[in-house]
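Chemist: coords please:
(one chain, ligands or ions: 2)
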Amino acid sequence: MMPDIAPHPDWSRVADALDSRGWACLPGLLSPAEADAIAGLYDRPDGFRSRVVMERHGFGQGEYRYFAYPLPPLVQTLRTTLYPPLAAIANAWHARMGLTDRFPAHHAEFIATCHAAGQHRPTPLLLRYGPGDYNCLHQDLYGAQVFPLQIAILLSRPDDDFTGGAFILTEQRPRRQSRADVVPLDKGDAVIFAVNHRPVQGARGPYRVTMRHGVGTVRSGRRHTLGIIFHDAA
Ligand SMILES: O=C(O)CCC(=O)C(=O)O
Ligand SMILES: [Fe+2]
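Modeler: Ligands and ions are numbered 1, 2, ... in the order given. Here you go, the predicted model:
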């Protein structure tokens, strides 16, 4: 598996999309063969630190596994190479939201901060859904250290490998009702989205909206996703 990222994203387009609606797509981040190779890891006995059956926790229906360190090379490469351009966007967001934390230029430095704060456990995960499965709207917060953007990569082909199972984002605006969006993804496409808050430019200056993500009910087939969260877990 080539730990290289092609095609190279257009980061100014990504930044504009993230600023205007809180999410952006990276089409074809993984090739179909890379997506299959990652999805195929799910049934391996080793390489993971834990397995979560979502219905046991009220998280939905379906399951996921958190990778152990060392991460598979492609997952590690995605996490470290996607971080620097996202850190620049994250820092601009924090400035606009009046938050004082800033993120270092390289992922290793940010992970050192997580580890010093007691957040040692890796958060990249593989998710697997079958017919009837779904993922409730949630936020992937695992401690005080939070990197404000995360990535999900669809590893299965819509309409071919599965039906239903749309990726859903909601945003909750102050004193208004929540708004939902469905993110169109094909196999190998990634969506970058806000973990928790994002800044919105209002008439009287920027304000924060709260975002959540989830997956609608899978009607048929199998749906796999790779999730890349940049902070580690307590
Ligand atoms: O399966 C999905 O598309 C959503 C996965 C998810 O919740 C995540 O990557 O954090
Ligand atoms: Fe999630």
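
Chemist: rest of the way, CA atoms for contacts and neighbours
Modeler: Will do.

Chemist: Who are the contact partners of the most centrally placed residue in the chain?
Modeler: Centroid-nearest residue in the chain, with C-alpha atoms, centre = their mean: residue 151, separated by 2.9 Å. Residue 151 makes contact with 190, 191, 192, 193, 227, 228, 229 under the criterion C-alpha atoms under 8 Å, 6 or more residues apart in numbering.

Chemist: mind listing what's buried in stretch 175-191?
Modeler: Within stretch 175-191, the residues scored as buried using 16 or more other C-alpha atoms under 10 Å are 185, 186, 187, 188, 189, 190, 191.

Chemist: wait, I meant stretch 71-87
Modeler: Those would be 71, 74, 75, 77, 78, 79, 82, 83, 84, 85, 86, 87, for stretch 71-87 by 16+ other C-alpha under 10 Å.

Chemist: how far is the helix or strand harbouring residue 150 from where the chain is centred?
Modeler: Element membership for residue 150 (DSSP states H and E) is strand 149-154. Distance of strand 149-154 from its chain centroid, counting by C-alpha atoms, centre = their mean, to the nearest Å, is 3 Å.

Chemist: Bridged to the residue in the chain positioned nearest to ligand 1, which residues?
Modeler: Closest contact between the chain and ligand 1, by C-alpha to the nearest ligand atom, is at residue 227 (3.4 Å). Taking DSSP bridges, one obtains residue 125, residue 152 as the residues bridged to residue 227.

Chemist: pretty sure residue 79 contacts residue 227?
Modeler: No: using C-alpha atoms under 8 Å, residue 79 is not in contact with residue 227; the gap is 10.0 Å.

Chemist: how many degrees apart are the one helix or strand residue 94 maps to and strand 149-154 in direction?
Modeler: In this structure, residue 94 is located in helix 73-96 according to DSSP H and E. Between helix 73-96 and strand 149-154, the angle comes out at 140 degrees (axes from the mean of the first three to the mean of the last three C-alpha atoms, to 10 degrees).

Chemist: got the contact list for helix 73-96?
Modeler: 1-5, 11, 15, 100-108, 124, 147-149, 198-199, 206, 228-230.

Chemist: before we move on, the earlier item: now pLDDT and distance to ligand 1 too, for the buried residues of stretch 71-87, in TSV please.
Modeler: Converted to TSV, the buried residues of stretch 71-87 look like this (pLDDT from 0 to 100; distance: C-alpha to the nearest ligand atom, whole Å):
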residue	pLDDT	distance to ligand 1
71	98	16
74	98	16
75	98	13
77	98	17
78	98	14
79	98	13
82	98	15
83	98	16
84	98	19
85	97	19
86	98	16
87	98	18
